[in-house]
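> Give me coordinates for this.
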Amino acid sequence: MKHQPPSPVSDDDTRLFREAIGEVRRLDPVEPAPSTPKPEPHPHMLEADEAAVPGELLDMAFDPGLLEVGEELSYLRDGYPPKLLKQLKRGQFSVQDDIDLHQMNAAAAQATIADFLAEAHHHGLRCVRIVHGKGLRSKASGPVLKVLTDRLLRRRDDVIAFASARPMQGGTGAVVVLLKA
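All right, here's what the predicted structure looks like:
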């Protein structure tokens, strides 16, 4: 289809347009503002970062929470292939939901885990993460919530496998849980 140029406006249409808009007052042309030259870019942040490096090297502060403490948790229910646990440990399952037990006592954590797994089952979730912490502030008895989580998950029929999370997902302070479909 060929594009046709617009037809010229008739005198009648021009007159109707002028009547519709009323009187027009012409505006005087305005001179554009003179453009000021832009300043050259200067790498302020780069200089600040570079200046801070010597002090940071001497300080070498570290967060003890980033250190891996304690044993890795790992469990596979009888009757399932070991390959499943390997895949879980490698992070080959997508975590669909998670919960954090920090600041909870054992009773609250136990109830929270039960509710969380029931809710996950209700929504058809297959892989979840439970953050129990590394027990760095626990007394001599060791990491209470970690041991509790391990014990509870081993007893549940809906848990196929679980393993300590990969470092970027919480490491030994969290477990990734594979649930029955």
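
> next helix or strand past the helix-or-strand element of the chain with minimal mean pLDDT?
In the chain, no helix or strand scores lower on mean pLDDT, DSSP states H and E than helix 44-59, which sits at a mean of 71. Moving toward the C-terminus from helix 44-59, the next helix or strand (DSSP states H and E) is strand 74-76.

> That next one pairs with which strands, parallel or anti?
Looking at strand 74-76 with DSSP bridges, its partner strands are strand 159-164 (antiparallel).

> quick one: the helix or strand following the partner strand to strand 159-164, angle?
Downstream of strand 159-164, the first helix or strand assigned by DSSP H and E is strand 174-179. Here strand 174-179 runs at an angle of 160 degrees relative to strand 159-164 (axes from the mean of the first three to the mean of the last three Cα atoms, to 10 degrees).

> Show me what strand 174-179 packs onto, helices and strands only.
helix 82-89, helix 106-122, strand 127-131, helix 144-155, strand 159-164 (3 or more Cβ pairs under 8 Å, 6 or more residues apart in numbering; DSSP states H and E). Using the backbone N, CA and C atoms, a C-beta is placed for each residue, glycine as well.

> out of the ones you listed, nearest to Pro29?
Among these, the nearest to Pro29 by Cβ to Cβ is strand 127-131 (66.6 Å).

> For the closest one, the averaged confidence score.
Strand 127-131 shows a mean pLDDT of 96.

> Name the residues linked to the closest residue to Arg126 other than its chain neighbours by a beta bridge.
Distance criterion Cβ to Cβ, 6 or more residues apart in numbering; nearest residue to Arg126, sequence neighbours excluded, is Leu179 at 5.7 Å. Here Leu179 sits in beta bridges with Val159, going by DSSP bridges.

> Model confidence score at Leu179, please.
On pLDDT, Leu179 comes in at 96.

> Also Leu67?
Reported pLDDT for Leu67: 42.

> Contacts only, for the residue nearest to Arg126.
Counting by Cβ atoms under 8 Å, 6 or more residues apart in numbering, Leu179 touches Leu117, Ala120, His121, Leu125, Arg126, Cys127, Val128, Asp158, Val159, Ile160.
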